[in-house]
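In: when you get a sec, could you give me coordinates for this:
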Amino acid sequence: MNRKKLQKLAESLCKTAKHFNRYEVECLINLFNNLEVEPSDRHAAVGLDRNSFRNILHDTFGMTDDMIMDRDCFEVYDLNSDGYISREEMFHMLKNSLLKQPSEEDPDEGIKDLVEITLKKMDYDHDGKLSYVDFEKAVRDENLLLEAFGPCLPDMKCRMAFEVQAFQNTAEL
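Out: A predicted model of the protein is given here:
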């Protein structure tokens, strides 16, 4: 892609990409162009197919969990794909992400308490479940809530290494 075409595309995308400046958009476009591959099916469009994307998540970020690699952050937690994270889904995710502590108290009671605390913090419309709108507002206000039910993004060390490499490679173009 020539420089003029890149700048025009970046300018166009900057109008809707609220969290990226023009330089970052140009870097992302260059990065995508470097990652795109020829599809195995001659009728498919050139681009980044699902398998290539999964390979990048695995090779670059060390992600191996199929459920996480197949979904975005909200969908990782919305186990039944009904558009909401219910109390039961929260309980399931928290139960799997917490270490078991030997105590006289029923461990499920502690998890139920955490579910209630989480709902108080994230359920903005007070309907007893998290919609995508609730989830998005909560994680925008407090980034740590993004992984409240267990990790769904690569760790910081992998993300930083990727950013350094991506911006270095695109600056060379």
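
In: so the nearest residue to residue 61 once chain neighbours are set aside, which state does it fall into?
Out: Here the nearest residue to residue 61 in space, its sequence neighbours aside, is residue 154; by C-beta to C-beta, 6 or more residues apart in numbering that works out to 3.5 Å. Yep, even glycine has a C-beta here, placed from its N, CA and C like the rest. The three-state assignment at residue 154 reads coil, by DSSP: H, G, I helix; E, B strand; the rest coil.

In: next: residue 17.
Out: Per three-state DSSP, residue 17 ends up coil.

In: relative to residue 82, how far out is the closest residue to it other than its chain neighbours?
Out: Leaving aside its sequence neighbours, residue 17 sits nearest to residue 25 (C-beta to C-beta, 6+ apart; 5.7 Å). To residue 82, residue 25 is 34 Å away according to C-beta to C-beta, to the nearest Å.

In: what does residue 28 give?
Out: Residue 28 is 32 Å from residue 82, by C-beta to C-beta.

In: those two: which is more packed in?
Out: Counted by other C-beta atoms under 10 Å, residue 28 and residue 82 do not tie: residue 28 has more neighbours, with 16 against 10.
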